[in-house]
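Novice: for reference, the sequence and a predicted model appear below.
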Amino acid sequence: MEQLVYVDGKFYPQSEAKISVFDHGLLYGDGVFEGIRAYNGRIFKLERHMDRFFNSAKAIDLKIPHTKEEMANLIVEACRKNQIHDGYIRPVVTRGPGDLGLDPRKCKRGPSVVIIAQPQINLYGKAYERGFKVVTSSYRRVPPQSLSPSIKSLNYLNNIMARVEANQYGADEALMLDIHGYVSEATADNFFIVRNHSVTTPWSSTNLPGVTRETILELAPSLGLHPEERLFTLYDVWAADEAFITGTAAEIGPVVEVDGRQIGEGKPGPQTRALTKAYRDLVNSTGTPI
Ligand code: PXG
């Protein structure tokens, strides 16, 4: 059976789910999205994702034509219609169709709302067992003075440029620095280092405030790890005992090499593995029932 996709009030078979070529989401990247996972018949941290979704929309002065509760209910419905037990959910809201010209006032009809719910997502294939090889990108993460990287917007070119660079170097991911040269995040994931029982990630002002990131900071104390948010540099990465990336799609990806330097023992480290287990236990036992 074809997947059913929600578009502006109705569910359509995937092949018929369409929006206008005049949609400003396509023409100008004017819109926001979320990436959410379902595990074991429940949607993980749905309310937290709705908060971020609505905050992203507010930041670009886009009014989502639903309440948070309505949006959450539509997401649950999209999962039910597609019989999702474990899966990936992508709500997108754009400025909607309008004449050419980037002024949002041209989008007279109002926002387009799309929800895709599919049974899986696989971003990194085999990298998990051996660990991720990462290279530092020559592209700096867009600074908050230009466009807040905390907005999950449809403008991913900054990240895509870095991802293309990683591909060119045969790496699994790219590490991006902020405009001042401090570590920011990976292209679709937050970045952590572990050293002396501290688990450290940058402040979220230069990156996306990831739901997985937050979850790792919450879980750390139960494993005897001290959670920390602070600025750090590439030196701290190279000198770390362990490093990993976090994201809804990636979950926890152990990083074993950065810029040709081995991290720790050069294999997924014990704290990363303990956090991965704690994360798996949590995602499989909590969340909004479908
Ligand atoms: N940084 C960036 C730039 C992201 O896009 C994260 C960090 C991690 O955030 P969460 O809340 O997921 O822990 C993201 C998340 C995709 C995809 O389709 C991308 C993300 C999430 C899910 C799917 O590539 N990005």
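Specialist: Noted; the coordinates are in hand. Numbering: from 1, shown residues only.

Novice: would you mark the buried spots in the helix or strand where residue 276 lies?
Specialist: Using DSSP states H and E, residue 276 falls within helix 270-285. In terms of neighbour count (16 or more other Cβ atoms under 10 Å), helix 270-285 has its buried residues at 271, 272, 274, 275, 276, 278, 279, 282, 283. For glycine as for every other residue, the C-beta is placed from the backbone atoms N, C-alpha and C.

Novice: the last one and residue 37 touch, don't they?
Specialist: Yes: counting by Cβ atoms under 8 Å, residue 283 sits close enough to residue 37 to count as a contact (7.0 Å).

Novice: so what sits against both of the two?
Specialist: Residues touching both residue 283 and residue 37 by Cβ atoms under 8 Å, 6 or more residues apart in numbering: residue 44.

Novice: near the ligand at all, the helix holding residue 276?
Specialist: No: Helix 270-285 stays clear of the ligand (Cβ under 6 Å from any ligand atom), getting no nearer than 10.6 Å.

Novice: quick one, helices of the protein?
Specialist: 24-28, 46-59, 68-81, 127-130, 157-168, 211-219, 234-238, 270-285 (DSSP state H).

Novice: now render these as CSV, adding mean pLDDT and distance to residue 225.
Specialist: Below are the helices of the chain laid out as CSV (pLDDT from 0 to 100; distance: least, Cβ to Cβ, whole Å):
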stretch, mean pLDDT, distance to residue 225
helix 24-28, 98, 40
helix 46-59, 98, 21
helix 68-81, 98, 32
helix 127-130, 88, 21
helix 157-168, 98, 28
helix 211-219, 98, 8
helix 234-238, 97, 16
helix 270-285, 98, 6
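
Novice: nearest to residue 195, out of those helices?
Specialist: helix 234-238 (7.6 Å; Cβ to Cβ).

Novice: if you skip the residues just before and after it, what's nearest to whichever residue of the chain sits closest to the ligand?
Specialist: Of all residues in the chain, the one sitting closest to the ligand is residue 35 (2.5 Å; Cβ to the nearest ligand atom). Excluding its sequence neighbours, the residue lying closest to residue 35 (Cβ to Cβ, 6 or more residues apart in numbering) is residue 248, at 4.7 Å.

Novice: that neighbour and residue 33 touch, don't they?
Specialist: No: using Cβ under 8 Å, residue 248 is not in contact with residue 33, being 11.6 Å away.

Novice: between the two, point out the one with more neighbours.
Specialist: Comparing residue 248 with residue 33 by other Cβ atoms under 10 Å, the one with more neighbours is residue 248, at 23 against 18.

Novice: the closest residue to residue 231 other than its chain neighbours: how many residues sit nearby?
Specialist: Counting by Cβ to Cβ, 6+ apart, the nearest residue to residue 231 once its immediate chain neighbours are dropped is residue 182, at 4.6 Å. Residues contacting residue 182 under the criterion other Cβ under 10 Å number 17.

Novice: how about residue 145?
Specialist: So residue 145, with other Cβ under 10 Å, has 7 neighbours.

Novice: so which bits of the stretch 1-150 of the chain are right by the ligand?
Specialist: So the stretch 1-150 of the chain meets the ligand at residue 35 (Cβ under 6 Å from any ligand atom).

Novice: how about the strands in the stretch 1-150 of the chain?
Specialist: Listed in chain order, the strands of the stretch 1-150 of the chain (DSSP state E, counting those that start in this stretch) span 4-7, 10-13, 31-33, 36-39, 42-43, 87-94, 112-118, 132-136.

Novice: okay if I get those strands as a markdown table plus mean pLDDT?
Specialist: Shown next, in a markdown table, are the strands of the stretch 1-150 of the chain (pLDDT from 0 to 100):
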| stretch | mean pLDDT |
| --- | --- |
| strand 4-7 | 98 |
| strand 10-13 | 98 |
| strand 31-33 | 98 |
| strand 36-39 | 98 |
| strand 42-43 | 98 |
| strand 87-94 | 98 |
| strand 112-118 | 98 |
| strand 132-136 | 98 |
